[in-house]
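S.K.: one predicted model, sequence on top.
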Amino acid sequence: MADTILVFEFVSAGGMPGHPDEATLQPIGVAMRDAVAADLLQLPADRIGQVRVADSAGAPAHHDPSGRLHPVRARPGQPALDFLAEQAARHDGVWVIAPESDGLLSACCALVAPARWLGSTAAALRTSASKTRTLARLASAGLPTPWDFDAPGQARRWVVKPDVGAGAVDTVVLDDHGAAQALAARRTAAGACVTLQPWVEGEALSLSLLCGTGVRPALLSLNRQHLHCSASGQLDYIGVTHTGADARDPRWPALQAMADAIAEALPGLRGFVGIDLVWHAQHGPVPIEVNARVTNAYAGLSDALGRNLASEVLRACR
């Protein structure tokens, strides 16, 4: 019997009504949601019978002429997590995309039975949700991290950002270490959980991976991240461009080695995983954070690769 899959992207499902970051995150969420749904709809109907997409009045799902896509929407006033819990048991698979902020992605995972969850394990999500915990785990595995640039005279800039968060929300880059320390201290005193790191100079990139239990992570694409830093230091995420998936790229062996080490250091990564990194002129790839979920780089990637990534994710997670 064909499966029914729920695609639940937290922001576009109405999970952040009135939140100051909603306007920033919702277009990104819609792009990821629609790309996943489109891939699922391309699979044979005897494999995926229905794709149900959680949407909202502010982010309605697109009409599908095949009749296999069915929008589902929370009742007025119903919290998004309650809606997910209600829907999860009604579907054969649940594909969640959510910010790590406030433990949202982990909270979603806790509401879905492991047999239905199409993504990384709860343990992997707990570690990767925190930038500090992630870097500590990677450092213990011998990988380079921004902390390697903390010696006097090495860093020219410092970045203050939420320890748990998505995109470049509330991220500030400053030339003055003392000013960065003061900003981090103010945010901490206000109750925020922040991290202060050396800013790694180099090319801002991301890596898209397909991960599965007991198999080597497959490199899907290397992507260029487009960032803008204002005069005040506010960092904004503009978007991402796929730069290729060519194993002949001279950087590929180092990227594969980094991906292998990250997968070993963070067991439980499954399905689509994104790694933010900086390519440093002398040190090569320096991982910055691990996103154990679909990222914005998913959009358009199946077409770019000429293969259906949703099909591969389903196999990797089951």
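M.R.: Thanks, I have it. Numbers count the residues shown, from 1 in each chain.
S.K.: show me what the one helix or strand in the chain whose mean pLDDT sits lowest is packed against.
M.R.: With mean pLDDT, DSSP states H and E as the measure, the helix or strand of the chain carrying the lowest mean pLDDT is strand 235-244 (a mean of 89). Contact here means 3 or more Cβ pairs under 8 Å, 6 or more residues apart in numbering; DSSP states H and E; on that basis strand 235-244 packs against strand 218-229. Heads up, the C-betas are built off the backbone N, CA and C, glycines and all.
S.K.: so how far is residue 299 from residue 204?
M.R.: Using Cβ to Cβ, to the nearest Å, one obtains 18 Å as the distance from residue 204 to residue 299.
S.K.: now the least confident helix or strand of the chain: buried residues?
M.R.: Applying a neighbour-count criterion of 16 or more other Cβ atoms under 10 Å, one finds 235, 237, 240, 242 buried in strand 235-244.
S.K.: what sits closest to residue 34 if chain neighbours are left out?
M.R.: Closest residue in space to residue 34, ignoring its immediate chain neighbours: residue 62 at 6.4 Å, by Cβ to Cβ, 6 or more residues apart in numbering.
S.K.: isn't the one you found right up against residue 33?
M.R.: No. If you go by Cβ atoms under 8 Å, residue 62 and residue 33 don't touch, sitting 9.9 Å apart.
S.K.: A strand includes residue 253, no?
M.R.: No. Checked against DSSP: H, G, I helix; E, B strand; the rest coil, residue 253 lies outside a strand; its state is helix.
S.K.: how close does it sit to residue 10?
M.R.: Spatial separation of residue 253 from residue 10 under the definition Cβ to Cβ is 36 Å.
S.K.: keeping just the C-alphas, turn the longest helix that the chain contains into CSV.
M.R.: The single longest helix within the chain, with elements called by DSSP state H, is helix 22-41. Listed next in CSV are the C-alpha coordinates belonging to helix 22-41 (Å, rounded to 0.1, in the frame of the first residue of the first chain):
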residue,chain,number,x,y,z
GLU,A,22,8.7,35.2,11.3
ALA,A,23,9.0,37.5,8.3
THR,A,24,12.7,36.5,7.9
LEU,A,25,12.2,32.8,8.2
GLN,A,26,8.9,32.2,6.6
PRO,A,27,10.0,32.6,2.9
ILE,A,28,12.9,30.3,3.5
GLY,A,29,10.6,27.8,5.2
VAL,A,30,8.1,27.9,2.3
ALA,A,31,10.9,27.3,-0.3
MET,A,32,12.1,24.2,1.6
ARG,A,33,8.6,22.9,2.2
ASP,A,34,7.6,23.3,-1.4
ALA,A,35,10.8,21.7,-2.7
VAL,A,36,10.4,18.6,-0.5
ALA,A,37,6.7,18.3,-1.5
ALA,A,38,7.5,18.6,-5.2
ASP,A,39,10.1,15.9,-5.0
LEU,A,40,7.7,13.6,-3.1
LEU,A,41,4.9,14.2,-5.7
